[in-house]
Structures are given as C-alpha cells and as structure tokens.
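Next comes the sequence, and after it the predicted model I'd like to discuss.
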Amino acid sequence: MGFAMANQMGQAMSNNTNRANPNSAPPPVPPPLQFFIVFNGAQDGPYDMSALKNLVMQKILVKETLVWREGMSAWTAAKDVPELNSVLGSVPPPVPGA
C-alpha cells in the first residue's frame with residue numbers, strides 16, 4: 001500500500017510540473033535607456049549609456065549638461081538624473097596641482 005501511495009504522489013507531482021507551458025517565452029528585455037543631450041545649443045542624440053560614458057570622458061557631457069529621455073517632463077541637468085550618477089562618476093577628479 002505504501003508503494004502505491006508513493007507512486008500516486010509521484011504521478012500527481014509529475015503532472016503538475018508538466019502543466020507549465022514549455023513554450024512560454026520569458027518577458028521581453030526592456031529597451032536600453034537612451035538620452036538626448038544639449039550640445040552647442042542644439043539637441044543631440046539619442047545616446048545609450050556606453051556612448052554617454054564616452055561623452056563624459058571627452059568632457060562633452062558634464063554635470064551641468066541638459067539631458068532628456070522618454071518619460072521626463074523637461075530637460076534636466078545631468079547631475080539631477082539618478083540614472084546618470086554612475087556615468088558622471090566614472091571620470092576621475094583632476095590631478096591635484098595640475
């Protein structure tokens with residue numbers, strides 16, 4: 001009797017795992033963040049985070065640069081956009097005495 005009960009439990013558990021849809025796809029990957037910047041008085045972009053990091057290294061994108069992305073209501077200084085903190089912080093400070 002114990003073996004029969006264990007067999008029934010095993011079949012029930014197997015049936016439950018087989019009910020999951022094997023063809024269900026994972027949720028779509030969200031699109032990467034893309035920002036526009038104001039450069040030389042004009043809108044420029046869009047730029048992804050990698051490109052923005054390059055602009056920081058070239059000193060084109062600085063903390064005071066105005067930026068905008070979809071979902072923002074207005075152009076905002078880069079320093080006030082939390083998503084850009086890691087990009088803006090990627091440049092080392094000036095060498096002392098240089």
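Sure, I can see it.

Run through the residues that contact residue 33.
Residue 33 is in contact with 48, 49, 69, 83, counting by CB atoms under 8 Å, 6 or more residues apart in numbering. (Glycine included, C-beta is placed from N, CA and C.)

Buried among those? Make that a PyMOL selection.
Buried residues within these, by 16 or more other CB atoms under 10 Å, are selected in PyMOL with:
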select buried, resi 69
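
Restricted to helices, list the contacts of residue 33.
Using DSSP state H, the subset of the contacts of residue 33 located in helices is residue 49.

from the contacts of residue 33, which is closest to residue 41?
Of all the contacts of residue 33, residue 69 has the smallest distance to residue 41: 19.4 Å, by CB to CB.

Which residues does the closest residue to the closest one other than its chain neighbours form beta bridges with?
Nearest non-adjacent residue to residue 69, counting by CB to CB, 6 or more residues apart in numbering: residue 35, 4.7 Å away. Beta bridges link residue 35 to residue 47, judged by DSSP bridges.
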